[in-house]
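Undergrad: Generate a structure from the sequence data that follows.
(2 chains)
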Amino acid sequence: MKIRPQMLVGMTILAGVLLGGMVATCGYQYLAIAATERDIAEQRAALATAKRRTAELVALQVKSAALVKQMAHHPASWSWSAQLPQMVAQVSALTAGSHAEIDALQPAPVAVNAQLARFPLRLTLHTDIDSLVTILRRVRQSAPVLAVDQLAIRVGAKPDDPLQVQLTVSSYVMLEGHAGAGGKP
Amino acid sequence: MFGFTTALGVDVGDDAVRIVRLRASRAGFELLDVQRLPLPEDHDLTGAAQALSALARERGASRTRLAGALPASGCALKIADLPPARPAELALVAKFEAESQFPLPLHELVWGYALSPSPAGRFHAVIAGARRTQVDERLAFLQHTGVMPTAMLPAPLAAAAALATPPTGVYLLVVAGTEWTDLVLYDGARLLASRSVLAGLPQRTGWAERVAREALHWSTGQEHPHTAVLLGMVTAREQDALCQTLAIPACLGDPWQDVTDPQRQLPALDDLPAAFATAVGLAKSALQRHPGPNLLPSRVVDGQGQQRKSGWVLAALLAATVLLVPVLRGEQQQLQAARAMLHGVQQQEHRIKHVATPAPSSALPAAQRAMTALQQPENRTLEMLRVLSVKMPKELMLTDLTYERGKTLTVRGRADSTRAVAEALQTVSALAVVEHATLDYSTLAREKMAHGYDFQITCTLTPTEDPTLSTGREKKSAPARTGTVVL
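TA: Got it, this is the predicted structure:
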C-alpha cells in the first residue's frame, strides 16, 4: 500500500498524540502510585493507632471488670434510696458475730466527683477494742469496697465501759451519664 | 519507505519502455522482473503508461526504489575540474560551472552534479542538465508506477552503471538505440566526455561509420580510447563493424553479468540482452544509492527527504509507544496493587474501629484513683491503730482518737510525765502518713486519784487522692500551729 505524505503526517500526529497520552498516563500513574503509597503509610499509622487504642480499651475493660466488683456500676439516677439497702446489709455483716452494737446509722450527703459517687454512712457503736479491730479488718476486706472516712474512739467513763466509736464508712458507685446524682434518702 | 531491497529501473527508449526489477543479494543482484513495453511509431507514451501502471499494481511495486532515465540527446553533460573545497563551496562552484557551461539559464533547467575525487585533492565534476519540461514529462510518466522516483539519470550514465566490470583505462562506451546512439568516453569510472549521434538503427548500413566519425576526434586526442564497449541494440555484427571503423578492439557489454535469473526470464526475452543496459543500470544505481548527477527536481528530492524524516519520526514515535506500553502496564498493575493494599488496610482499620468493644465507663479513671488511694498506707486505719498501740510510751493512756481520712488524726490522753508526752509526739510524728504533728496542749491534771498530764496531739495526714474527697488538701495549706506545753 502506498503511503501518501498527508497520511504520513496524519499518522505521525496520531502517534504523537498517542505517545503524549501514554506519557501523560504514565505521569499520572506515577503520581497516583506515590499518593497511594503515602495514603497506605498514613492508613497503616492510623491502623496501628487503632490497634493500640483497642488494646488499651481491652485493658481498660479488664480493669473495669475488676473494679466493678469493688465499685458497682449504676445509672446516673442512682441515689441513697437505692444504695441504702445494700449498704445496711454490708454494714450489718461487719458487726455480725462481734460484741459491737450499732446504736445509730445515719447516711451523710453523697459526694460526687468525676462520675464517681461516694455514699458515706455514719455509725455509732459500742464495742470493745477486739471487736473494733475485727470490724476494721472486715471493712478492709469487704467487697464491694468500703472506705473508713472517719473514726472517733472514746473510752468510756468507767474502765469497764465499752468504747464509744463513731465510724463513717463509705461505699462507691460508678455513675453512667452526667454527674450530680445522689441525695438524702 | 523502509527496508527497500528492490529497485525498479524504467528506461524509455526510442522503440520501447524497458523495465527491470532487481533485488540486492549477497552474490550481486537477483532479477525479479523484466519487461519490454513497445512504443508506437509516434512515440506516444499513453499506452505504455497504462501498461506500466498495471504492471506496478500487479507486482506490488510500492515498496520499491524507482529510477528513471533521460535520453542523452535531451541532456547536456559537462565536465569540470573543481578545486579542493568544502561541500557547500563545491556546490557553489558547481553552480557557477553549470551557469557558465549550459547554454540555457538555470531556472529553465533541472540540473545536478556528481563529484569524484581527483589527484591533489581536486574534484572531478560531472554536471548534467535537462529542460524542466522534459523532466516533468518523464516524471509524470514514471509516476504511473505509483512510486515517486528516487533518481533520474542521463541514460548513458545509467547504462555505464550496468557494467559489472568496466574496462580499465580510457574506453569508449557506445549505447545504441534505434535512433540515437550515445557515445561516452570513460577513464575507468571517470566520465571524460559524452555526445549523442542520430545514427539510426545499428543494423542499418553506415551506422558504424557515423559513430566512428563522431568518435574520431577523441581517438586523436590525448586521452584516446583503447577499447570500445557496446551496449543497447547491438549484435556481434555491429561489434565487428565498429571494431573495423574505429580501429580499436570492441566488445559487447553484458549488463546481466552479475545478475542471477532464478526464474529463467532472460532466455524467454524477445529482445537483445544488451538493450536492457540502461534499465539494469538504473535499477543497480537505485539499489547502490550512487546514482550520479540526479536530474530529479529539488521539490521532489526535498519532498522525499521530508517524507523520510516524517517516516523516521513516526517510527521513533511508534517505537517509543511500544516501549512505553510495558512501562504503562507495569505502572498500572503497581497502582492496582497499591490501591488494593490501601483498600485492605482501610478495611482492616474500619473493622477494628467498628468492632463491638464497649467503651469503658467514663467514671473508670476516678474509680481507679479512688481504689489506688484506698490502698495507700494513710488510709489503712487498722495499721495506724496497731502502730500507735505498739509504739506509744507505756506511761501514757489514750482516751480519745479521731481520724479523718486524708485530713487529720487527733489523739488525746493522759501521760505520767511530759517526757512521755514528748515521746508520744515523737512517735506520732514518725508515722509515715503524718505530714505534720502538733502538740495542741499538755496540762497538768491535779486530781486526787489520778495524777498526770492531759495532752492533745493533732496530726495533718497526707492528702488522699480520692476524687470524692475534694477538701483533701485544704488543711495542708493551713498555717501550722505551734504547740503549747503547760506544765
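
Undergrad: hey, let's count contacts and neighbours off CA atoms from now on
TA: Fine.

Undergrad: Which other helices and strands does the helix or strand containing B:Ala91 contact?
TA: Element membership for B:Ala91, per DSSP states H and E: helix B:87-101. Helix B:87-101 sits against strand B:75-82, strand B:123-131, with contacts defined as 3 or more CA pairs under 8 Å, 6 or more residues apart in numbering or on different chains; DSSP states H and E.

Undergrad: Need the winner for burial among those.
TA: Across the helices and strands packed on helix B:87-101, averaging neighbours per residue (mean count of other CA atoms under 10 Å in any protein chain shown) puts strand B:123-131 on top, at a mean of 23.

Undergrad: Show me what that strand pairs with in its sheet, parallel or antiparallel.
TA: If you go by DSSP bridges, strand B:123-131 pairs up with strand B:75-82 (antiparallel), strand B:109-117 (antiparallel).

Undergrad: any idea which helix or strand comes after that strand?
TA: Toward the C-terminus from strand B:123-131 - assigned by DSSP H and E - lies helix B:132-142.

Undergrad: so who does A:Gln29 touch?
TA: B:331-332, B:335 (CA atoms under 8 Å, 6 or more residues apart in numbering or on different chains).

Undergrad: near chain A too, which of those residues?
TA: Residues of the contacts of A:Gln29 in contact with chain A (CA under 8 Å from any CA of the partner chain): B:331-332, B:335.

Undergrad: Which strand in chain A has the most residues?
TA: Longest strand in chain A, counting residues (DSSP state E): strand A:163-176.

Undergrad: Only the C-alpha atoms, please, for that one, written as PDB.
TA: Output in PDB follows, covering the C-alpha atoms of strand A:163-176 (Å, rounded to 0.1, in the frame of the first residue of the first chain):
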ATOM      1  CA  LEU A 163     -15.600   2.100 123.700                       C
ATOM      2  CA  GLN A 164     -17.700   4.700 122.100                       C
ATOM      3  CA  VAL A 165     -16.900   4.600 118.500                       C
ATOM      4  CA  GLN A 166     -18.200   6.800 115.700                       C
ATOM      5  CA  LEU A 167     -17.300   5.200 112.400                       C
ATOM      6  CA  THR A 168     -18.100   6.600 108.900                       C
ATOM      7  CA  VAL A 169     -17.800   4.100 106.200                       C
ATOM      8  CA  SER A 170     -18.400   4.900 102.500                       C
ATOM      9  CA  SER A 171     -19.300   2.800  99.600                       C
ATOM     10  CA  TYR A 172     -18.600   3.900  96.000                       C
ATOM     11  CA  VAL A 173     -20.700   3.700  92.900                       C
ATOM     12  CA  MET A 174     -19.600   4.500  89.300                       C
ATOM     13  CA  LEU A 175     -22.300   6.500  87.700                       C
ATOM     14  CA  GLU A 176     -23.200   6.500  84.000                       C
END
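
Undergrad: Quick one: list the elements packing against that strand.
TA: Secondary-structure packing of strand A:163-176 (3+ CA pairs under 8 Å, 6+ apart): strand A:72-75, strand A:116-127, strand A:146-154.

Undergrad: returning to what we had before: can I get the strands paired with strand B:123-131 in TSV including mean pLDDT?
TA: Putting the strands paired with strand B:123-131 into TSV (pLDDT from 0 to 100) gives the following:
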stretch	mean pLDDT
strand B:75-82	91
strand B:109-117	91
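
Undergrad: which residue packs closest to A:Ala46, ignoring adjacent ones?
TA: Leaving aside its chain neighbours, A:Ala46 sits nearest to B:Glu349 (7.4 Å; criterion: CA to CA, 6 or more residues apart in numbering or on different chains).

Undergrad: Relative to B:Arg138, how far out is the nearest residue to B:Trp111 once chain neighbours are set aside?
TA: Nearest non-adjacent residue to B:Trp111, counting by CA to CA, 6+ apart: B:Gly129, 4.0 Å away. Distance of B:Gly129 to B:Arg138, given as CA to CA, to the nearest Å: 14 Å.

Undergrad: longest helix in the chain, by residue count?
TA: Using chain A. Ranked by residue count, the top helix of chain A under DSSP state H comes out as helix A:5-70.

Undergrad: Chain B was what I was after
TA: helix B:298-353.

Undergrad: Mind checking the pLDDT average for it?
TA: Averaging pLDDT along helix B:298-353 gives 87.

Undergrad: got the angle for it vs helix B:132-142?
TA: Relative orientation of helix B:298-353 versus helix B:132-142 (axes from the mean of the first three to the mean of the last three CA atoms, to 10 degrees): 50 degrees.

Undergrad: nearest to chain A, of the contacts of A:Gln29?
TA: Comparing the contacts of A:Gln29 against chain A with CA to the nearest CA places B:Leu335 closest, at 5.3 Å.

Undergrad: if I read this right, the closest one contacts A:Ile33, doesn't it?
TA: Yes: assessed by CA atoms under 8 Å, B:Leu335 is found in contact with A:Ile33 at 5.3 Å.

Undergrad: Just want the most central residue of chain A.
TA: By CA atoms, centre = their mean, chain A has its centre lying nearest to A:Ser64, at 5.8 Å.

Undergrad: Find me the pLDDT at it, would you?
TA: Value for A:Ser64, per-residue pLDDT: 80.

Undergrad: likewise B:Ala247?
TA: B:Ala247 is assigned a predicted lDDT (pLDDT) of 87.

Undergrad: ditto for the one 10 residues further on
TA: The model reports B:Gln257 with a pLDDT of 90.

Undergrad: next one: the one 4 residues further on
TA: Among the per-residue scores, B:Asp261 shows a pLDDT of 91.

Undergrad: Let me see the contact set for it.
TA: B:30-32.

Undergrad: hmm, which of those residues are the buried ones?
TA: With burial judged by 16 or more other CA atoms under 10 Å in any protein chain shown, the buried subset of the contacts of B:Asp261 is B:30-32.

Undergrad: how about these in TSV, adding distance to chain A, pLDDT and secondary structure?
TA: Formatted as TSV, these follow (distance: CA to the nearest CA, whole Å; pLDDT from 0 to 100; DSSP: H, G, I helix; E, B strand; the rest coil):
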residue	distance to chain A	pLDDT	secondary structure
B:Glu30	23	92	strand
B:Leu31	22	93	strand
B:Leu32	19	91	strand
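
Undergrad: need those in a markdown table with distance to B:Met152, can you?
TA: Converted to a markdown table, the buried ones among the contacts of B:Asp261 look like this (distance: CA to CA, whole Å):
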| residue | distance to B:Met152 |
| --- | --- |
| B:Glu30 | 22 |
| B:Leu31 | 21 |
| B:Leu32 | 21 |
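
Undergrad: Nearest to B:Gly169, out of the residues you listed: which one, please.
TA: Using CA to CA, B:Glu30 is the member of the buried ones among the contacts of B:Asp261 that lies nearest B:Gly169, at 29.0 Å.

Undergrad: so where is the chain shaky, pLDDT-wise?
TA: Just so you know, I chose chain A. Along chain A, the model assigns pLDDT under 70 to residues A:1-3, A:177-185.

Undergrad: Oops, wrong one, chain B.
TA: B:1-4, B:61-62, B:221, B:290-291, B:356-360, B:378, B:448-450, B:470-487.

Undergrad: Mind listing what's buried along the lengthiest strand in it?
TA: Assignment by DSSP E gives strand B:434-446 as the longest strand of chain B. Under the neighbour-count criterion of 16+ other CA under 10 Å, strand B:434-446 has B:434-444 buried.

Undergrad: With stretch B:368-384 instead?
TA: In stretch B:368-384, counting by 16+ other CA under 10 Å, buried: B:368, B:370-371, B:373-374, B:378-382, B:384.

Undergrad: Break chain A down into its structural domains.
TA: A:1-70, A:73-176 (automatic domain parsing).

Undergrad: Please compute how far the first one lies from its chain's middle.
TA: Averaging C-alpha positions (CA atoms, centre = their mean, to the nearest Å) puts domain A:1-70 39 Å from its chain's average.

Undergrad: quick one on the thing from earlier: and the buried residues of strand B:434-446, which is closest to chain A?
TA: Once CA to the nearest CA is applied, the member of the buried residues of strand B:434-446 that ends up nearest chain A is B:Val434, at 15.9 Å.
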